[in-house]
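S.K.: Here is a sequence with its predicted model. Questions after.
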Amino acid sequence: MITMNDIVREGHPSLREKAEEVTVPPTENDIQLLNDMLTFIKNSQDEDIAGQYHLRPGVGLAAPQLGINKRMCAVHFEDLKGRLCSYGLINPKIVSHSVEQAYLSTGEGCLSVDRDVQGYVPRNARVTVKAIGMDGQELKLRLRDYAAIVVQHEIDHLNGVMFYDYINPENPFTVPDNSKPIG
Ligand SMILES: OCN(O)CCCc1ccccc1
Ligand code: NI
């Protein structure tokens, strides 16, 4: 099972590289890895398992965080309206997005960042994502607010982008005019 020892931290090159497209159709190994990533996220949200294996709770994980430079990521969380959002995404691509931006009022964190980085992270409030799912089929997701923020955080990892790259260095709590707080 994936544990925190498998997650690379800041300074590891794979967090700043562009990950490679997964060949289509994905191999059994690709699907198995995505399953393992999804299982890690679920485990990290289970008090008992997380306590036993010292897992930091997370709502997503991207393959580069395991030092694997493949365009794969997984998300598993309930959005602020209690809707379950659980996906393994292969070669995800944002095909369109809103002009309006959104940011988590709590700021963001990252399993690959062992420090607290304060500040707002402005992102697209709504995104349309095309990807290949765990079943090898093409899927299209229309996401908004919290779900849009989490999936953008993960897709950023596939492009070597970290959440704090978006924080305004002069004033970390300034946000663009056309952005709204989430949560
Ligand atoms: O890349 C996954 N990750 O490091 C875990 C935390 C994910 C995450 C946290 C806050 C806002 C959006 C996404
Ligand atoms: Ni992260």
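M.R.: All right, it came through fine. Residues are numbered from 1 along each chain as shown. Ligands and ions are numbered 1, 2, ... in the order given.
S.K.: In the chain, spot the helix with the most residues.
M.R.: Longest helix in the chain by number of residues, with DSSP state H as the criterion: helix 28-44.
S.K.: Does the following helix or strand past that one reach ligand 1?
M.R.: Using DSSP states H and E, the helix or strand that follows helix 28-44 towards the C-terminus is helix 47-53. No - using CB under 6 Å from any ligand atom, we find that helix 47-53 stays clear of ligand 1, coming within 13.3 Å at best. To be clear about C-beta, it is placed using only N, CA and C from the backbone, and glycine gets the same treatment.
S.K.: Show me where this structure has its strands.
M.R.: Here the chain has its strands, by DSSP state E, at 60-62, 72-78, 84-97, 101-104, 123-124, 126-132, 138-144, 179-182.
S.K.: strands paired with the fifth one, and their directions?
M.R.: It stands for strand 123-124. Strand 123-124 has its sheet partners listed here by DSSP bridges as strand 101-104 (antiparallel).
S.K.: Show me which residues of this protein are close to ligand 1?
M.R.: Counting by CB under 6 Å from any ligand atom, the residues of the chain lying close to ligand 1 are 58-62, 65, 104, 108-112, 149-150, 153-154, 157.
S.K.: In helices only, show me those residues.
M.R.: Ile149, Val150, His153, Glu154, His157.
S.K.: Could you single out the nearest of the residues you listed to Asp116?
M.R.: Nearest to Asp116 among those: His153, at 16.1 Å, using CB to CB.
S.K.: Would you quantify the distance from the closest one to Met1?
M.R.: 23 Å (CB to CB, to the nearest Å).
S.K.: and what of Arg16?
M.R.: Between Arg16 and Met1 the computed distance is 27 Å (CB to CB).
S.K.: Please name the nearest non-neighbouring residue to the spatially most central residue of the chain.
M.R.: Nearest to the mean C-alpha position of the chain, counting by CA atoms, centre = their mean, stands Glu154 at 2.4 Å. Spatial nearest neighbour of Glu154, excluding adjacent residues (CB to CB, 6 or more residues apart in numbering): Cys73 at 3.9 Å.
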